[in-house]
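Engineer: One predicted model, sequence on top.
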Amino acid sequence: MPVTFVEAALGGEVKVPTLGGPPVTLKLPAGTPGGRTMRARGKGAVRKDGNGDLLVTVEVEVPKSLDDKARQALESYREATAGEDPRAELFQAAKGA
């Protein structure tokens with residue numbers, strides 16, 4: 001399920017199509033990482049013992065182009081989070097710390 005960076009970061013509700021039925025609305029928690037799999041119980045394929053679960057994997061979409069306002073907002077975000085390094089733990093682990 002493709003989601004925007006804003007939806008993944010701030011959370012929200014997203015509609016997801018189902019197999020032959022009406023769409024379901026999933027609550028996306030704030031800070032949801034790409035690759036997370038969520039479950040919609042009973043909304044998957046029909047089985048002998050009832051409906052199975054629908055598994056939905058989150059894929060954060062990166063915009064291919066930005067207008068000036070969006071680019072400025074992202075530049076401001078970059079400045080506001082300049083001290084954060086999501087890869088810092090990888091380097092510590094590589095050193096054996």
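Structural biologist: Yep, it's here.

Engineer: Any chance of the backbone angles for P17?
Structural biologist: Per-residue torsions, P17: phi -70, psi 150 (degrees, to the nearest 10).

Engineer: residues touching the nearest residue to it once chain neighbours are set aside, list them.
Structural biologist: Take P17 and drop its neighbours on the chain: the residue closest to it by CB to CB, 6 or more residues apart in numbering is P23, 5.2 Å away. Backbone N, C-alpha and C define where each C-beta goes, glycine included. Contact partners of P23, counting by CB atoms under 8 Å, 6 or more residues apart in numbering, are K15, V16, P17.

Engineer: I figured the second one hits R39, correct?
Structural biologist: In other words, V16. No: V16 is beyond contact range of R39, at 11.2 Å (criterion: CB atoms under 8 Å).

Engineer: Quick check: neighbours shared by the two?
Structural biologist: With CB under 8 Å, 6+ apart, V16 and R39 have common neighbours L54, V56.

Engineer: where along the protein do the strands fall?
Structural biologist: 2-3, 12-16, 24-28, 37-40, 46-47, 50-51, 54-57, 59-60 (DSSP state E).

Engineer: For the second one, what is the distance to the chain centroid?
Structural biologist: Going back to what we said before, that points to strand 12-16. Its chain's C-alpha centre and that of strand 12-16 lie 11 Å apart, by CA atoms, centre = their mean, to the nearest Å.

Engineer: ok, and what's touching it?
Structural biologist: M1, V3, E7, P23, V24, T25, L26, K27, L28, A40, L54, V56.

Engineer: Swap in 10 Å and give it another go.
Structural biologist: Strand 12-16 has contacts (CB atoms under 10 Å, 6 or more residues apart in numbering) with 1-4, 6-8, 22-30, 32, 38, 40, 43, 54, 56, 58.

Engineer: Sheet partners, orientation included, of it?
Structural biologist: strand 24-28 (antiparallel) (DSSP bridges).

Engineer: ok, L66 touching F5?
Structural biologist: No: using CB atoms under 10 Å, L66 is not in contact with F5, being 11.4 Å away.
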